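In: I'd like to go over a predicted model; first the sequence, then the structure.
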Amino acid sequence: MKLRKILVWFRNDLRLHDNEMLVEAIAKSDSILPVYFFDPRYCEFMEGCETVHGDSQVQFLIESVAALRNALKKIGGNLLIIEGKPEDHLPLLVQKYDIAEVYHHREVATAETTVSSHVEDALWKIKINLKHFVGHTLYNKEDLPFPIKDIPDVFAQFKKKTERDAIVKACFTAPEVIAFVPVEDWGTLPHFETIATEELRGGEEEGIKHLQELFEEGSEIYAKVSSRTQGYKPKYSSRLSPWLALGCLSPRKVYWAIKGAEQEFGSNSNFSNLILGLLSRDYFRFMFKKHNGNFLKEPGVFVESSYNLEREALQFQRWKNADTGHPLVDQYMYELNHTGFIPHHARLLVATYLIHISKVSWTSGAFYFEEKLIDYSPASNWGNWANVADGGKSPVSKSTFDLDKHLKILVNEDQIV
Ligand SMILES: Cc1cc2nc3c(=O)[nH]c(=O)nc-3n(C[C@H](O)[C@H](O)[C@H](O)COP(=O)(O)OP(=O)(O)OC[C@H]3O[C@@H](n4cnc5c(N)ncnc54)[C@H](O)[C@@H]3O)c2cc1C
């Protein structure tokens, strides 16, 4: 009898836990072939290409892919690593290993969905199906109380209806045994000069460790936030976003960890803010899906910038180089350049400064974040930048961003406690 083999194409889902695609591939095949592509269109750090991505971002990605490979090795397999375009290599792999079907997680941003379409076309020519899974969000789109086309554009409405009428599913458990397609050469990770040890290290195991440490007794997450604090106090930051962005942690795993801690220690405002963050993340992804990636240009949804980049080139350069002369903005930009991470309040402040004080196009800032952030995620990045650019003028950004408050903080920075 012919053995049925499924190719599992990993992208921003670099984990074994809560991975429906993997669970189904194992259930529906005799063996699986896990593959990861370093696509030259996005991995400019590879040999022969000019580096545009921050070192921290590249390192976090490579660590995360390496961690997935190690996790698969621990259960007797490996991860096939290929430098090249998925649409060029997948049909060849299908033919070489006699693959019956290819599985992958659906993305929402144009660049990623275009790659999926190319792959779908290439596989279609050899009569192979590309099966799509959803696994990036807290709520599956099928479980939402409205079809994608009717999702409210105003975050507060989306949140209210979703929390009231939808449920967060349980996590899929990580497989302990997998039968792998035998491969002679599993490929090597791109060479990258490791930079000084970062506090945030990529990979599923590191992500789970970080998550567990957040909820250890005595940790900062249980600190009571005093309502009598004078001035502006930045919200608690879990720093979970890099693992969530690459799928090393599933949002459901984070959600259920919060719910577990809530049961044990009672509710607290940091827990609520974490859940609010996960909902914001879902919201921006669903907005991308609803508006087909064009939502940033739609009049009435988000206002496009009318600033001229050339005219503002100097200000942009100063902002990027942490040389604006504004101590707080420069401190945060320095941190972003050196670590690839700054917390939410810092992102809001540097974005407000760039757009509303330096009068530089918001898209320049969004492109810069795309290169530097270790948690870069298209929907979250572009959605948040568009909101700051709109400055609360439309009902959409009004519910998520208060321009006057942020301008005041920039003027009276000694208010930050
Ligand atoms: C200009 C700008 C650009 C941004 N770009 C990105 C990006 O590329 N990738 C990204 O993951 N987040 C982005 N954010 C959202 C947010 O700033 C980060 O998710 C957050 O700072 C990550 O830190 P944390 O893990 O400590 O967040 P926490 O406050 O601890 O929140 C928990 C999780 O919820 C999610 N989350 C929280 N707030 C938001 C939000 N406003 N939008 C979307 N998700 C949210 C994140 O996954 C985060 O890890 C951006 C925000 C701004 C203002």
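Out: Cool, got the structure.
In: which SSE is the residue of the chain found nearest the ligand in?
Out: Relative to the ligand, the nearest point of the chain is residue 277 (2.5 Å; C-beta to the nearest ligand atom). All C-beta atoms are positioned from the backbone trio N, CA, C, and that covers glycine. According to DSSP states H and E, residue 277 maps onto helix 269-290.
In: now for that helix, which elements pack on it?
Out: Packing partners of helix 269-290 (3 or more C-beta pairs under 8 Å, 6 or more residues apart in numbering; DSSP states H and E): helix 155-165, helix 251-265, helix 378-390.
In: just these: most buried one?
Out: Per-stretch averages of neighbours, counted by mean count of other C-beta atoms under 10 Å, single out helix 378-390 among the helices and strands packed on helix 269-290, with a mean of 24.
In: dump the residue contacts of residue 248.
Out: 14-15, 64, 67, 202-204, 206-207, 242 (C-beta atoms under 8 Å, 6 or more residues apart in numbering).
In: Quick check: phi and psi on it?
Out: When read as degrees, to the nearest 10, the backbone of residue 248 gives phi -70, psi -30.
In: What count of nearby residues applies to the closest residue to it other than its chain neighbours?
Out: Excluding the flanking residues, the one nearest residue 248 by C-beta to C-beta, 6 or more residues apart in numbering is residue 207, at 4.2 Å. Residue 207 is flanked by 28 other residues according to other C-beta atoms under 10 Å.
In: quick one: contacts for residue 207?
Out: With contact set as C-beta under 8 Å, 6+ apart, residue 207 has these partners: 15, 240, 243, 248-249.
In: what separates it from residue 285, distance-wise?
Out: Using C-beta to C-beta, to the nearest Å, residue 207 is found at 19 Å from residue 285.
In: ok so, going back, residues touching the residue of the chain closest to the ligand, list them.
Out: Contacts for residue 277 were tallied using C-beta under 8 Å, 6+ apart; they are 238, 344.
In: for residue 142, same thing?
Out: By C-beta under 8 Å, 6+ apart, residue 142 lies in contact with residue 134.
In: Ok, the one 5 residues further on next?
Out: Contacts were defined as C-beta under 8 Å, 6+ apart; by that measure residue 147 touches no other residue.
In: Quick check, pLDDT for it.
Out: pLDDT recorded at residue 147 is 94.
In: quick one: it from residue 131, how far?
Out: Taking C-beta to C-beta, one finds residue 147 at 22 Å from residue 131.
In: Equivalent analysis for residue 365, please.
Out: Look at residue 365 and residue 131: by C-beta to C-beta, they are 37 Å apart.
In: Could you give the number of residues near the closest residue in space to residue 237 that isn't next to it in sequence?
Out: Closest residue in space to residue 237, ignoring its immediate chain neighbours: residue 343 at 3.8 Å, by C-beta to C-beta, 6+ apart. By the measure other C-beta under 10 Å, the count of residues near residue 343 is 16.
In: May I have the phi/psi pair for residue 343?
Out: The phi/psi pair for residue 343 (degrees, to the nearest 10) reads phi -70, psi 170.
In: So it sits against residue 234, correct?
Out: Yes. The criterion here is C-beta atoms under 8 Å, and residue 343 meets it with residue 234 at 6.5 Å.
In: remind me which residues of the stretch 1-150 of the chain are low pLDDT?
Out: For the stretch 1-150 of the chain, the stretches flagged by pLDDT under 70 are 1-2, 43-53.
In: what about the strands in the chain?
Out: In the chain, the segments counted as strands under DSSP state E are 5-10, 31-38, 80-83, 101-105, 129-133.
In: Please identify the most buried of these.
Out: Mean neighbour counts for those (mean count of other C-beta under 10 Å) peak at strand 5-10, with a mean of 24.
In: Can you list the strands that that strand pairs with?
Out: Sheet pairing of strand 5-10 (DSSP bridges) gives strand 31-38 (parallel), strand 101-105 (parallel).
In: Only alpha carbons, please: show the shortest one as PDB.
Out: As requested, the backbone C-alpha atoms of strand 101-105 are provided in PDB (Å, rounded to 0.1, in the frame of the first residue of the first chain):
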ATOM      1  CA  GLU A 101      -0.800  17.300   0.300                       C
ATOM      2  CA  VAL A 102       0.800  20.500   1.500                       C
ATOM      3  CA  TYR A 103      -0.400  22.200   4.800                       C
ATOM      4  CA  HIS A 104       0.300  25.800   5.900                       C
ATOM      5  CA  HIS A 105      -1.100  28.500   8.000                       C
END
